[in-house]
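Trainee: Sharing a sequence plus its predicted fold:
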Amino acid sequence: MKILVTGGAGFIGSAVVRHLIENTAASVVNVDKLTYAGNLSSIARAAASDRYSFHQVDICDEARILDILRTEQVTHVMHLAAESHVDRSIDGPAAFIETNLVGTFRMLNAALSYWRELSEDARAEFRFHHISTDEVFGDLPFDSGIFTEDTPYAPSSPYSASKAGSDHLVRAWHHTYGLPTVVSNCSNNYGPYHFPEKLIPLVILNALHEKPLPVYGKGANVRDWLYVKDHARALELVVTKGVPGESYNIGGNAERTNLSVVETVCDLLDTKRPRAGGQSYRDLIGFVADRPGHDRRYAIDASKAERELGWRPVETFDSGLSKTIDWYLDNEAWWRPIREKNYAGERLGQSA
Ligand code: NAD
Ligand code: DAU
């Protein structure tokens, strides 16, 4: 297998690249524009493999993508490249439309041209796997409901609307042109190499710097958390075993309110790196203005992936969070330059 991974320098893409190089015999062709969210330091070890190559390319450049598909003789595409940060989509939606919607359209066009040139056997093996989010399903009430693959789309933010549109394009390229596509929709990931402005790394790093821990609204919003390595394993199964035209929900079965996530990080840090004065990191928690359009709750039913692909998460939320905190304590050399360059502690997503 020769897998073209788009966005392989990002948070989840880098976990996929590391997983494929370390645990499979596949070759990886990483295509990434290296926006603020892309960090080659996340894949330094995997990049030393002779089964790895890298192209710094924008996915909107259809001609370059087609050329890479041909020269690298790609057998599978895992399309993760996206503008992915919800708060940034509130402040500046244009890049989200450009990359997530137009970029996915360009990727589909390039993949279709390439696929049509392949032999019959190679066409049967080829897959275009589009990696998407549970946010396309929209807002769940606090006390009922769960997202299945049949839940209607109802996106709320510019980010989730752009991802919903890209999912529809992928399905259309399957139904209309026969391109063998699969889609996966996953819940909130966390783990090593997570960009420092996202909730869990932000709270870990702000706590270590004795800075306030900002909780939006009352902290009652619920997310369903999945350790990123478990997601990477699921994605390998989707691209190799998924049925063309189908979609698969992936989630950690770990619903938590945001406040309880922040408190758990504080409690773990109290044990692993106690504060000088002996107080709890919980004292740093502060409630700030809510995110505009903040969906109350997401919850994923991942039983189809378990039944049909044999996938199940290995980490519980507690074990994964403990590993994540240990990783940030041990890997300042990774996060410090990124935090200093890209994140000055400003509040994002308030421009609505
Ligand atoms: P990320 O923002 O960390 O990484 C995105 C990567 O894509 C970066 O390396 C960036 O440089 C690259 N990129 C952005 N625009 C590009 C372009 N025009 N051309 C080429 N490369 C470009 O994102 P992530 O958190 O790793 O998410 C990866 C995918 O998974 C996204 O499609 C996202 O919607 C989806 N997803 C994320 C989560 C999550 O919790 N992070 C959950 C479900 C689904
Ligand atoms: O649900 C999957 C989505 O998860 C992915 O599709 C997105 O690409 C990914 O970025 C992530 O989006 P979120 O907006 O959920 O991630 P974030 O870490 O920004 O926020 C998690 C929750 O925490 C959310 O309800 C908002 C809240 N929050 C976030 C920040 C940054 C806070 O309360 N305080 C904060 O400072």
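Mentor: Perfect, I can see it now. Ligands and ions are numbered 1, 2, ... in the order given.

Trainee: neighbours of residue 11, just the number please.
Mentor: For residue 11, the count of nearby residues is 24 (other CB atoms under 10 Å). In short, each C-beta sits where N, CA and C put it, glycine included.

Trainee: which residue packs closest to it, ignoring adjacent ones?
Mentor: Closest residue to residue 11 apart from its sequence neighbours, by CB to CB, 6 or more residues apart in numbering: residue 194 at 5.3 Å.

Trainee: tell me the contacts of residue 289?
Mentor: 216, 217, 350 (CB atoms under 8 Å, 6 or more residues apart in numbering).

Trainee: What ranges does this protein have for its helices?
Mentor: All helices of the chain, identified by DSSP state H, fall at 11-23, 62-72, 86-91, 94-96, 104-117, 120-125, 158-177, 199-208, 228-241, 258-272, 303-309, 317-330, 332-342.

Trainee: Could you name the helices and strands sitting against the fourth one?
Mentor: The reference is to helix 94-96. Here helix 94-96 touches helix 86-91, helix 158-177, going by 3 or more CB pairs under 8 Å, 6 or more residues apart in numbering; DSSP states H and E.

Trainee: Buried residues in the shortest one, which are they?
Mentor: Within helix 86-91, the residues scored as buried using 16 or more other CB atoms under 10 Å are 86, 87, 88, 89, 90.

Trainee: one step back: nearest to ligand 2, of the helices and strands packed on helix 94-96?
Mentor: helix 86-91 (3.6 Å; CB to the nearest ligand atom).

Trainee: Could you confirm whether the closest one reaches ligand 2?
Mentor: Yes: using CB under 6 Å from any ligand atom, helix 86-91 reaches ligand 2 at 86, 87.

Trainee: and that helix with ligand 1, contact?
Mentor: No: Helix 86-91 is not in contact with ligand 1 by CB under 6 Å from any ligand atom; minimum separation 9.2 Å.

Trainee: Which residues are in contact with the residue of the stretch 251-352 of the chain found nearest ligand 2?
Mentor: Minimum separation of the stretch 251-352 of the chain from ligand 2 (CB to the nearest ligand atom) falls at residue 258, amounting to 4.5 Å. In this structure, residue 258 makes contact with 199, 215, 216, 219, 220, 221, 222, 223, judged by CB under 8 Å, 6+ apart.

Trainee: how deep is the nearest residue to the second one once chain neighbours are set aside tucked in, by neighbour count?
Mentor: Spatially, and ignoring its direct neighbours in sequence, residue 215 is nearest to residue 287 (5.3 Å; CB to CB, 6+ apart). By the other CB under 10 Å criterion, the neighbourhood of residue 287 contains 13 residues.
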